[in-house]
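1. build me a model:
(one chain, ligands or ions: 1)
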Amino acid sequence: MTAITIPANFTELGLIPPLLARLTELEYQQPTPIQAQAIPSILAGRDLIAGANTGSGKTATFALPLLQQIHAEKPLSSKNSKGNYVTGLILVPTRELAKQVADSIKSYAVHFNGSIKTIAVFGGVSVNTQMLALRGGADILVATPGRLLDLISSNAIKLDLVKTLVLDEADRMLSLGFTEELSAIRALLPKKKQILLFSATFPEEVKSLTEELLNDPIEIQVQSADASTLVQRVFTVNKGQKTALLAHLIKENKWRQVLIFVNAKNSCNHLADKLSKRGVTAEVFHGDKGQAARSRVLEAFKSGEIDVLIATDIAARGLDIEKLPVVINFDLPRSPSDYMHRIGRSGRAGEVGLALSLIDHEDYHHFNVIEKKNKIRLEREEVAGFEAGEFTRDAFSAPEKPMAKPEGSGKKKNKNKVQINADIWLRNS
Ligand code: AMP
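-> Residues are numbered from 1 along each chain as shown. Here you go, the predicted structure:
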(Lines give C-alpha, C1' and ligand atoms only; values in the text may rest on other atoms or scores of the structure.)
Protein backbone atom coordinates (compact mmCIF):
# COMPACT_ATOMS: atom_id res chain seq x y z
CA MET A 1 0.00 0.00 0.00
CA THR A 2 1.33 3.46 -0.87
CA ALA A 3 1.73 5.81 2.04
CA ILE A 4 -0.06 9.10 1.46
CA THR A 5 1.33 12.25 3.02
CA ILE A 6 -1.43 14.57 4.08
CA PRO A 7 -0.53 18.27 3.89
CA ALA A 8 -0.63 19.90 7.31
CA ASN A 9 -1.18 23.51 6.28
CA PHE A 10 -3.00 25.44 3.58
CA THR A 11 0.18 26.50 1.77
CA GLU A 12 1.16 22.88 1.23
CA LEU A 13 -2.25 22.24 -0.33
CA GLY A 14 -1.17 24.43 -3.24
CA LEU A 15 -3.54 27.33 -2.61
CA ILE A 16 -2.62 30.78 -3.89
CA PRO A 17 -1.91 33.93 -1.78
CA PRO A 18 -5.32 35.67 -2.10
CA LEU A 19 -6.96 32.58 -0.63
CA LEU A 20 -4.26 31.97 1.99
CA ALA A 21 -4.59 35.57 3.17
CA ARG A 22 -8.32 35.14 3.59
CA LEU A 23 -7.94 31.88 5.51
CA THR A 24 -5.57 33.62 7.91
CA GLU A 25 -8.14 36.39 8.42
CA LEU A 26 -10.81 33.79 9.09
CA GLU A 27 -8.47 32.18 11.61
CA TYR A 28 -8.53 28.81 9.91
CA GLN A 29 -5.32 27.52 11.42
CA GLN A 30 -5.05 24.26 9.52
CA PRO A 31 -7.01 22.33 6.94
CA THR A 32 -9.69 19.99 8.23
CA PRO A 33 -9.11 16.32 7.26
CA ILE A 34 -11.43 16.53 4.25
CA GLN A 35 -9.77 19.74 3.06
CA ALA A 36 -6.29 18.26 3.45
CA GLN A 37 -7.18 15.16 1.48
CA ALA A 38 -9.44 16.56 -1.21
CA ILE A 39 -8.12 19.99 -2.19
CA PRO A 40 -4.94 18.80 -3.99
CA SER A 41 -6.97 16.28 -6.06
CA ILE A 42 -9.59 18.87 -6.95
CA LEU A 43 -6.87 21.32 -8.01
CA ALA A 44 -5.45 18.54 -10.19
CA GLY A 45 -8.80 18.31 -11.96
CA ARG A 46 -9.92 14.94 -10.64
CA ASP A 47 -13.53 13.91 -10.07
CA LEU A 48 -14.28 13.31 -6.42
CA ILE A 49 -16.66 11.47 -4.15
CA ALA A 50 -16.23 12.79 -0.65
CA GLY A 51 -17.97 11.36 2.36
CA ALA A 52 -17.38 13.54 5.35
CA ASN A 53 -19.35 14.37 8.44
CA THR A 54 -21.41 17.44 8.10
CA GLY A 55 -19.67 20.43 9.69
CA SER A 56 -16.28 19.13 8.63
CA GLY A 57 -15.47 22.04 6.34
CA LYS A 58 -16.93 20.69 3.09
CA THR A 59 -17.83 24.07 1.62
CA ALA A 60 -14.26 25.35 1.73
CA THR A 61 -13.10 22.01 0.32
CA PHE A 62 -14.81 22.67 -2.99
CA ALA A 63 -14.99 26.47 -2.85
CA LEU A 64 -11.25 27.16 -2.47
CA PRO A 65 -10.02 25.10 -5.44
CA LEU A 66 -12.97 26.25 -7.54
CA LEU A 67 -12.09 29.89 -6.91
CA GLN A 68 -8.44 29.18 -7.63
CA GLN A 69 -9.21 27.43 -10.93
CA ILE A 70 -11.56 30.20 -12.04
CA HIS A 71 -9.05 32.88 -11.07
CA ALA A 72 -6.31 31.10 -13.07
CA GLU A 73 -8.47 30.87 -16.18
CA LYS A 74 -10.09 34.26 -15.85
CA PRO A 75 -8.34 35.99 -18.77
CA LEU A 76 -9.20 33.02 -21.01
CA SER A 77 -12.82 32.84 -19.96
CA SER A 78 -13.50 36.57 -20.04
CA LYS A 79 -15.25 36.15 -23.37
CA ASN A 80 -17.91 34.19 -21.48
CA SER A 81 -18.90 37.28 -19.58
CA LYS A 82 -20.59 38.56 -22.74
CA GLY A 83 -23.06 35.68 -22.64
CA ASN A 84 -25.08 34.22 -19.83
CA TYR A 85 -22.63 31.48 -19.10
CA VAL A 86 -21.51 29.91 -15.87
CA THR A 87 -18.19 28.19 -15.09
CA GLY A 88 -18.73 26.54 -11.71
CA LEU A 89 -22.19 25.15 -10.93
CA ILE A 90 -23.05 24.07 -7.40
CA LEU A 91 -26.35 22.31 -6.88
CA VAL A 92 -27.86 22.17 -3.41
CA PRO A 93 -31.19 20.84 -2.12
CA THR A 94 -32.48 23.83 -0.14
CA ARG A 95 -32.78 27.58 -0.55
CA GLU A 96 -31.05 28.35 2.72
CA LEU A 97 -28.11 26.17 1.79
CA ALA A 98 -27.81 27.94 -1.59
CA LYS A 99 -27.53 31.28 0.15
CA GLN A 100 -25.18 29.97 2.80
CA VAL A 101 -22.81 28.34 0.30
CA ALA A 102 -22.77 31.45 -1.93
CA ASP A 103 -22.06 33.66 1.09
CA SER A 104 -19.14 31.42 2.10
CA ILE A 105 -17.71 31.52 -1.42
CA LYS A 106 -17.99 35.30 -1.55
CA SER A 107 -16.23 35.49 1.78
CA TYR A 108 -13.37 33.24 0.61
CA ALA A 109 -13.06 35.37 -2.54
CA VAL A 110 -12.71 38.83 -0.99
CA HIS A 111 -9.09 39.20 -2.06
CA PHE A 112 -9.98 38.65 -5.71
CA ASN A 113 -11.47 42.13 -5.41
CA GLY A 114 -14.78 41.43 -7.08
CA SER A 115 -13.28 39.76 -10.15
CA ILE A 116 -15.14 36.50 -9.45
CA LYS A 117 -18.90 36.74 -9.64
CA THR A 118 -20.84 34.36 -7.41
CA ILE A 119 -24.63 34.24 -7.48
CA ALA A 120 -27.18 32.18 -5.57
CA VAL A 121 -30.50 31.33 -7.19
CA PHE A 122 -33.37 29.55 -5.47
CA GLY A 123 -37.14 29.41 -5.47
CA GLY A 124 -39.60 31.26 -3.27
CA VAL A 125 -38.33 34.72 -4.20
CA SER A 126 -38.78 36.90 -7.27
CA VAL A 127 -37.19 35.43 -10.38
CA ASN A 128 -36.68 38.89 -11.91
CA THR A 129 -34.01 39.99 -9.46
CA GLN A 130 -32.12 36.78 -10.12
CA MET A 131 -32.43 37.24 -13.89
CA LEU A 132 -30.99 40.72 -13.57
CA ALA A 133 -28.14 39.47 -11.40
CA LEU A 134 -27.33 36.81 -13.99
CA ARG A 135 -26.88 39.33 -16.82
CA GLY A 136 -23.40 38.78 -18.21
CA GLY A 137 -23.31 35.31 -16.64
CA ALA A 138 -21.65 34.20 -13.43
CA ASP A 139 -18.37 32.57 -12.57
CA ILE A 140 -19.97 30.51 -9.84
CA LEU A 141 -23.66 29.76 -9.60
CA VAL A 142 -25.13 28.12 -6.52
CA ALA A 143 -28.61 26.86 -7.30
CA THR A 144 -31.51 24.74 -6.27
CA PRO A 145 -32.51 22.60 -9.28
CA GLY A 146 -36.08 23.85 -9.85
CA ARG A 147 -35.19 27.54 -10.00
CA LEU A 148 -32.14 26.80 -12.13
CA LEU A 149 -34.35 25.11 -14.73
CA ASP A 150 -36.76 28.07 -14.67
CA LEU A 151 -33.90 30.44 -15.35
CA ILE A 152 -32.56 28.24 -18.13
CA SER A 153 -35.94 28.09 -19.82
CA SER A 154 -36.15 31.87 -19.83
CA ASN A 155 -32.63 32.03 -21.31
CA ALA A 156 -31.24 33.79 -18.25
CA ILE A 157 -28.41 31.30 -17.97
CA LYS A 158 -26.66 28.68 -20.13
CA LEU A 159 -24.78 25.64 -18.90
CA ASP A 160 -22.79 24.88 -22.08
CA LEU A 161 -19.50 26.11 -20.62
CA VAL A 162 -19.70 24.63 -17.13
CA LYS A 163 -16.30 23.28 -16.16
CA THR A 164 -17.03 22.06 -12.66
CA LEU A 165 -20.24 20.63 -11.25
CA VAL A 166 -20.55 20.26 -7.49
CA LEU A 167 -23.37 18.31 -5.89
CA ASP A 168 -23.53 19.32 -2.26
CA GLU A 169 -25.59 17.02 -0.04
CA ALA A 170 -25.20 14.64 -2.96
CA ASP A 171 -27.23 11.80 -1.51
CA ARG A 172 -30.25 14.09 -1.41
CA MET A 173 -29.53 15.52 -4.87
CA LEU A 174 -29.33 12.02 -6.34
CA SER A 175 -32.42 10.77 -4.54
CA LEU A 176 -35.82 10.24 -6.10
CA GLY A 177 -37.18 13.70 -5.30
CA PHE A 178 -34.69 15.38 -7.64
CA THR A 179 -34.39 12.71 -10.36
CA GLU A 180 -36.24 14.53 -13.13
CA GLU A 181 -34.76 17.93 -12.45
CA LEU A 182 -31.27 16.55 -12.18
CA SER A 183 -31.44 14.62 -15.43
CA ALA A 184 -32.80 17.71 -17.21
CA ILE A 185 -29.83 19.70 -15.89
CA ARG A 186 -27.33 16.97 -16.75
CA ALA A 187 -28.56 16.93 -20.34
CA LEU A 188 -27.60 20.59 -20.68
CA LEU A 189 -24.09 20.26 -19.29
CA PRO A 190 -21.06 19.75 -21.51
CA LYS A 191 -19.70 16.20 -21.67
CA LYS A 192 -16.28 17.13 -20.36
CA LYS A 193 -16.42 18.56 -16.87
CA GLN A 194 -15.11 17.94 -13.40
CA ILE A 195 -17.67 16.54 -10.96
CA LEU A 196 -17.41 16.76 -7.20
CA LEU A 197 -19.86 14.98 -4.91
CA PHE A 198 -20.07 15.80 -1.23
CA SER A 199 -22.25 14.24 1.40
CA ALA A 200 -22.13 13.02 4.95
CA THR A 201 -23.81 9.80 3.86
CA PHE A 202 -23.84 7.76 0.65
CA PRO A 203 -26.60 5.16 0.80
CA GLU A 204 -26.14 2.08 -1.45
CA GLU A 205 -28.71 3.13 -4.07
CA VAL A 206 -26.88 6.42 -4.56
CA LYS A 207 -23.49 4.75 -4.92
CA SER A 208 -24.51 2.98 -8.12
CA LEU A 209 -25.73 6.27 -9.62
CA THR A 210 -22.41 7.94 -8.87
CA GLU A 211 -20.58 5.30 -10.89
CA GLU A 212 -22.29 6.34 -14.12
CA LEU A 213 -21.91 10.03 -13.31
CA LEU A 214 -18.21 10.25 -12.50
CA ASN A 215 -15.00 9.66 -14.39
CA ASP A 216 -12.40 7.65 -12.46
CA PRO A 217 -13.12 9.54 -9.23
CA ILE A 218 -10.93 9.84 -6.17
CA GLU A 219 -12.91 8.53 -3.23
CA ILE A 220 -12.33 10.05 0.16
CA GLN A 221 -14.10 9.02 3.32
CA VAL A 222 -13.21 11.14 6.29
CA GLN A 223 -14.47 10.62 9.76
CA SER A 224 -13.98 14.07 11.14
CA ALA A 225 -12.17 14.31 14.44
CA ASP A 226 -14.84 16.87 15.26
CA ALA A 227 -17.39 14.09 15.57
CA SER A 228 -16.09 13.44 19.05
CA THR A 229 -17.24 16.89 20.18
CA LEU A 230 -20.85 15.97 19.49
CA VAL A 231 -22.46 14.05 22.34
CA GLN A 232 -25.40 11.89 21.32
CA ARG A 233 -27.95 10.88 23.93
CA VAL A 234 -31.31 9.20 23.91
CA PHE A 235 -34.02 9.66 26.54
CA THR A 236 -36.90 7.22 26.78
CA VAL A 237 -40.26 8.71 27.68
CA ASN A 238 -43.94 7.85 27.48
CA LYS A 239 -45.58 9.29 24.37
CA GLY A 240 -47.96 11.48 26.35
CA GLN A 241 -45.06 12.98 28.30
CA LYS A 242 -42.80 13.94 25.42
CA THR A 243 -43.78 17.59 25.23
CA ALA A 244 -43.63 17.96 29.00
CA LEU A 245 -40.14 16.43 29.04
CA LEU A 246 -39.02 18.69 26.22
CA ALA A 247 -40.27 21.82 27.98
CA HIS A 248 -38.71 20.61 31.21
CA LEU A 249 -35.30 20.05 29.61
CA ILE A 250 -35.31 23.42 27.86
CA LYS A 251 -36.26 25.27 31.01
CA GLU A 252 -34.10 23.33 33.47
CA ASN A 253 -30.99 23.58 31.32
CA LYS A 254 -31.75 27.14 30.22
CA TRP A 255 -30.94 26.13 26.66
CA ARG A 256 -30.65 29.22 24.58
CA GLN A 257 -30.32 27.89 21.04
CA VAL A 258 -32.09 24.64 20.53
CA LEU A 259 -33.17 23.20 17.19
CA ILE A 260 -36.02 20.69 17.44
CA PHE A 261 -36.85 18.39 14.56
CA VAL A 262 -40.34 17.09 13.83
CA ASN A 263 -41.55 15.17 10.78
CA ALA A 264 -44.39 17.31 9.42
CA LYS A 265 -45.09 20.97 8.77
CA ASN A 266 -48.22 21.02 10.93
CA SER A 267 -46.36 19.28 13.75
CA CYS A 268 -44.13 22.36 13.96
CA ASN A 269 -47.05 24.66 14.81
CA HIS A 270 -48.72 22.05 16.97
CA LEU A 271 -45.60 21.56 19.09
CA ALA A 272 -44.95 25.31 19.27
CA ASP A 273 -48.49 25.79 20.69
CA LYS A 274 -48.01 23.03 23.22
CA LEU A 275 -44.63 24.39 24.32
CA SER A 276 -46.06 27.88 24.60
CA LYS A 277 -48.66 26.57 27.08
CA ARG A 278 -45.74 25.28 29.13
CA GLY A 279 -43.96 28.62 29.11
CA VAL A 280 -41.51 27.95 26.27
CA THR A 281 -41.65 30.29 23.28
CA ALA A 282 -40.67 28.70 20.00
CA GLU A 283 -40.64 29.72 16.33
CA VAL A 284 -41.25 27.36 13.43
CA PHE A 285 -39.33 26.72 10.20
CA HIS A 286 -40.88 24.66 7.42
CA GLY A 287 -41.64 24.57 3.70
CA ASP A 288 -45.06 26.23 3.94
CA LYS A 289 -43.59 29.45 5.24
CA GLY A 290 -42.83 32.14 2.67
CA GLN A 291 -39.18 32.62 1.79
CA ALA A 292 -39.00 36.02 3.47
CA ALA A 293 -40.36 34.55 6.70
CA ARG A 294 -37.99 31.57 6.44
CA SER A 295 -34.99 33.84 6.07
CA ARG A 296 -36.13 36.10 8.88
CA VAL A 297 -36.64 33.22 11.31
CA LEU A 298 -33.32 31.62 10.40
CA GLU A 299 -31.41 34.86 10.84
CA ALA A 300 -33.12 35.50 14.18
CA PHE A 301 -32.23 31.99 15.31
CA LYS A 302 -28.64 32.33 14.14
CA SER A 303 -28.24 35.64 15.92
CA GLY A 304 -29.67 34.22 19.14
CA GLU A 305 -32.87 36.31 19.14
CA ILE A 306 -34.88 33.09 19.00
CA ASP A 307 -34.03 30.43 21.56
CA VAL A 308 -36.11 27.54 20.30
CA LEU A 309 -36.72 26.66 16.67
CA ILE A 310 -38.96 23.79 15.60
CA ALA A 311 -38.22 22.62 12.09
CA THR A 312 -38.87 19.93 9.53
CA ASP A 313 -36.02 18.28 7.64
CA ILE A 314 -35.59 21.28 5.36
CA ALA A 315 -33.34 22.52 8.18
CA ALA A 316 -31.44 19.23 8.37
CA ARG A 317 -29.20 19.75 5.39
CA GLY A 318 -26.02 21.72 5.48
CA LEU A 319 -27.17 24.65 7.57
CA ASP A 320 -24.23 26.08 9.45
CA ILE A 321 -25.44 27.76 12.60
CA GLU A 322 -22.45 28.88 14.54
CA LYS A 323 -22.13 27.35 17.98
CA LEU A 324 -25.50 25.60 17.87
CA PRO A 325 -25.39 23.75 21.19
CA VAL A 326 -28.43 21.48 21.10
CA VAL A 327 -30.34 19.54 18.45
CA ILE A 328 -33.34 17.48 19.53
CA ASN A 329 -35.16 14.77 17.64
CA PHE A 330 -38.69 15.17 18.96
CA ASP A 331 -39.87 12.95 16.11
CA LEU A 332 -37.30 10.47 14.85
CA PRO A 333 -36.30 11.01 11.23
CA ARG A 334 -37.63 8.40 8.83
CA SER A 335 -34.30 7.55 7.30
CA PRO A 336 -31.16 6.69 9.28
CA SER A 337 -29.07 8.98 7.09
CA ASP A 338 -31.34 11.92 7.99
CA TYR A 339 -30.46 11.24 11.62
CA MET A 340 -26.82 12.00 10.79
CA HIS A 341 -27.78 15.11 8.83
CA ARG A 342 -29.97 16.42 11.63
CA ILE A 343 -27.49 15.89 14.43
CA GLY A 344 -24.76 17.39 12.26
CA ARG A 345 -26.34 20.81 12.82
CA SER A 346 -24.61 20.76 16.19
CA GLY A 347 -21.01 20.06 17.19
CA ARG A 348 -19.72 21.68 14.01
CA ALA A 349 -16.08 22.58 13.36
CA GLY A 350 -14.87 21.39 16.73
CA GLU A 351 -17.61 23.04 18.81
CA VAL A 352 -19.16 21.04 21.62
CA GLY A 353 -22.70 19.94 20.83
CA LEU A 354 -25.50 17.76 22.08
CA ALA A 355 -27.81 15.71 19.89
CA LEU A 356 -30.71 14.39 21.89
CA SER A 357 -33.41 11.98 20.76
CA LEU A 358 -36.64 11.58 22.72
CA ILE A 359 -38.06 8.15 22.06
CA ASP A 360 -41.31 6.61 23.19
CA HIS A 361 -42.31 2.96 22.92
CA GLU A 362 -43.43 3.35 19.32
CA ASP A 363 -40.04 4.79 18.35
CA TYR A 364 -38.09 2.00 19.97
CA HIS A 365 -37.64 -0.35 16.99
CA HIS A 366 -37.01 2.48 14.58
CA PHE A 367 -34.31 3.92 16.79
CA ASN A 368 -32.62 0.51 16.85
CA VAL A 369 -32.54 0.60 13.05
CA ILE A 370 -31.13 4.13 13.04
CA GLU A 371 -28.39 3.05 15.42
CA LYS A 372 -27.57 -0.08 13.45
CA LYS A 373 -27.33 1.69 10.10
CA ASN A 374 -25.21 4.48 11.57
CA LYS A 375 -23.07 2.05 13.58
CA ILE A 376 -23.77 3.69 16.89
CA ARG A 377 -25.18 2.34 20.10
CA LEU A 378 -26.42 4.72 22.77
CA GLU A 379 -27.40 3.99 26.31
CA ARG A 380 -31.13 4.52 26.94
CA GLU A 381 -31.52 7.11 29.66
CA GLU A 382 -34.43 8.43 31.63
CA VAL A 383 -35.10 11.76 33.23
CA ALA A 384 -36.46 11.65 36.75
CA GLY A 385 -40.15 12.44 36.78
CA PHE A 386 -40.57 11.25 33.17
CA GLU A 387 -39.69 7.56 33.44
CA ALA A 388 -41.12 5.47 30.66
CA GLY A 389 -40.66 2.12 32.29
CA GLU A 390 -38.68 -0.66 30.73
CA PHE A 391 -38.04 -0.49 26.99
CA THR A 392 -37.77 -3.98 25.64
CA ARG A 393 -37.12 -5.38 22.19
CA ASP A 394 -40.79 -6.21 22.09
CA ALA A 395 -41.94 -2.81 23.19
CA PHE A 396 -45.26 -2.91 21.36
CA SER A 397 -46.46 -5.93 23.22
CA ALA A 398 -44.96 -4.83 26.51
CA PRO A 399 -47.45 -4.47 29.34
CA GLU A 400 -48.96 -1.07 29.95
CA LYS A 401 -46.27 1.21 31.36
CA PRO A 402 -46.92 3.03 34.61
CA MET A 403 -47.80 6.67 34.14
CA ALA A 404 -44.87 9.01 34.55
CA LYS A 405 -44.87 11.08 37.67
CA PRO A 406 -45.68 14.74 37.31
CA GLU A 407 -42.91 17.07 36.29
CA GLY A 408 -40.39 17.74 39.03
CA SER A 409 -41.56 14.99 41.35
CA GLY A 410 -38.72 12.58 40.60
CA LYS A 411 -36.00 11.43 42.92
CA LYS A 412 -33.50 14.19 43.40
CA LYS A 413 -30.52 11.90 42.87
CA ASN A 414 -31.44 10.97 39.31
CA LYS A 415 -32.54 14.44 38.39
CA ASN A 416 -29.21 15.88 39.39
CA LYS A 417 -27.39 13.28 37.37
CA VAL A 418 -29.09 14.46 34.19
CA GLN A 419 -28.54 18.09 34.99
CA ILE A 420 -24.88 17.68 35.77
CA ASN A 421 -24.36 15.95 32.48
CA ALA A 422 -26.44 18.56 30.72
CA ASP A 423 -24.19 21.26 32.09
CA ILE A 424 -21.25 19.64 30.39
CA TRP A 425 -23.00 19.95 27.05
CA LEU A 426 -23.70 23.61 27.49
CA ARG A 427 -21.43 26.22 26.18
CA ASN A 428 -21.27 29.62 27.84
CA SER A 429 -24.96 29.68 28.50
P1 AMP B 1 -19.10 23.28 6.46
O2 AMP B 1 -18.90 21.82 6.76
O3 AMP B 1 -18.57 23.66 5.15
O4 AMP B 1 -20.53 23.72 6.65
O5 AMP B 1 -18.22 24.10 7.52
C6 AMP B 1 -18.50 24.11 8.89
C7 AMP B 1 -17.85 25.30 9.58
O8 AMP B 1 -16.44 25.10 9.67
C9 AMP B 1 -18.02 26.66 8.90
O10 AMP B 1 -18.42 27.59 9.88
C11 AMP B 1 -16.64 27.00 8.38
O12 AMP B 1 -16.43 28.39 8.41
C13 AMP B 1 -15.74 26.29 9.35
N14 AMP B 1 -14.45 25.86 8.78
C15 AMP B 1 -14.25 25.30 7.57
N16 AMP B 1 -12.95 24.97 7.41
C17 AMP B 1 -12.30 25.33 8.53
C18 AMP B 1 -10.94 25.26 8.98
N19 AMP B 1 -9.98 24.73 8.21
N20 AMP B 1 -10.65 25.74 10.21
C21 AMP B 1 -11.61 26.27 10.99
N22 AMP B 1 -12.92 26.37 10.65
C23 AMP B 1 -13.27 25.90 9.44
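2. show me how far stretch 229-249 is from its chain's centre.
-> 22 Å (C-alpha atoms, centre = their mean, to the nearest Å).
3. look at it and report the distance between its end residues.
-> 21 Å (C-alpha to C-alpha, to the nearest Å).
4. any idea of the pLDDT on residue 397?
-> With respect to pLDDT, residue 397 scores 35.
5. same question for residue 259.
-> 93.
6. quick one: residue 49 is in a strand?
-> Yes: the assignment for residue 49 is a strand, going by DSSP: H, G, I helix; E, B strand; the rest coil.
7. quick one: it and residue 222 touch, right?
-> No: the criterion here is C-beta atoms under 8 Å, and residue 49 misses it with residue 222 at 11.7 Å. Glycine gets a C-beta too; all of them are placed from N, C-alpha and C.
8. okay, the two: which has more neighbours?
-> Neighbours around residue 49 and residue 222, counted as other C-beta atoms under 10 Å, are more numerous at residue 49. The numbers are 24 against 21.
9. who's the more buried one bridged to?
-> Beta-bridge pairing of residue 49, defined through DSSP bridges, involves residue 197, residue 219.
10. that one and the ligand: what is the separation?
-> Residue 49 sits 16 Å away from the ligand, going by C-beta to the nearest ligand atom, to the nearest Å.
11. now residue 106
-> Counting by C-beta to the nearest ligand atom - residue 106 and the ligand are separated by 13 Å.
12. so where does that residue fall, helix or strand?
-> helix 95-108 (DSSP states H and E).
13. quick one: residues in contact with the helix or strand just after that helix.
-> Next along the chain after helix 95-108, taking DSSP H and E as the criterion, comes strand 118-121. Residues outside strand 118-121 that contact it (C-beta atoms under 8 Å, 6 or more residues apart in numbering): 98-99, 101-103, 105-106, 109, 130, 133-134, 138-144, 147-148, 151.
14. downstream neighbour of strand 118-121 in the secondary structure list?
-> Next element after strand 118-121 (DSSP H and E): helix 127-133.
15. is the ligand within reach of the next helix-or-strand element following that next one?
-> Downstream of helix 127-133, the next assigned helix or strand under DSSP H and E is strand 138-143. No: against the ligand, strand 138-143 shows no contacts by C-beta under 6 Å from any ligand atom, the least distance being 12.8 Å.
16. quickly run through the sheet partners of strand 138-143, with directions.
-> Checking strand 138-143 against DSSP bridges gives partners strand 86-91 (parallel), strand 118-121 (parallel).
17. now those as TSV including mean neighbour count?
-> Output for the strands paired with strand 138-143, formatted as TSV (neighbours: other C-beta atoms under 10 Å):
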stretch	mean neighbour count
strand 86-91	24
strand 118-121	24
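18. all helices for the stretch 251-400 of the chain, in order.
-> 265-277, 291-302, 336-343, 364-373 (DSSP state H, counting those that start in this stretch).
19. reformat these as JSON lines; add mean pLDDT and mean neighbour count.
-> Formatted as JSON lines, the helices of the stretch 251-400 of the chain follow (pLDDT from 0 to 100; neighbours: other C-beta atoms under 10 Å):
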{"stretch": "helix 265-277", "mean pLDDT": "95", "mean neighbour count": "16"}
{"stretch": "helix 291-302", "mean pLDDT": "87", "mean neighbour count": "16"}
{"stretch": "helix 336-343", "mean pLDDT": "85", "mean neighbour count": "24"}
{"stretch": "helix 364-373", "mean pLDDT": "91", "mean neighbour count": "16"}
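20. looking at those, which is closest to residue 244?
-> Nearest of these to residue 244, taken as C-beta to C-beta: helix 265-277 at 9.0 Å.
21. contact partners of that closest one?
-> 243, 246-247, 250, 260, 262, 281-288, 308, 310-312, 330-331.
22. repeat that for stretch 46-53.
-> Taking C-beta under 8 Å, 6+ apart as the rule, stretch 46-53 contacts 33-34, 38, 41-42, 58, 61, 170, 194-202, 210, 214-224, 226-227, 340, 344.
23. over to stretch 167-178 now: how far is its first residue from its last?
-> Stretch 167-178 stretches 12 Å from its first residue to its last (C-alpha to C-alpha).
24. buried ones in it?
-> 167-175, 178 (16 or more other C-beta atoms under 10 Å).
25. just flag the most distant two among these.
-> Largest separation among the buried residues of stretch 167-178 by C-beta to C-beta: 168 and 175, giving 13.6 Å.
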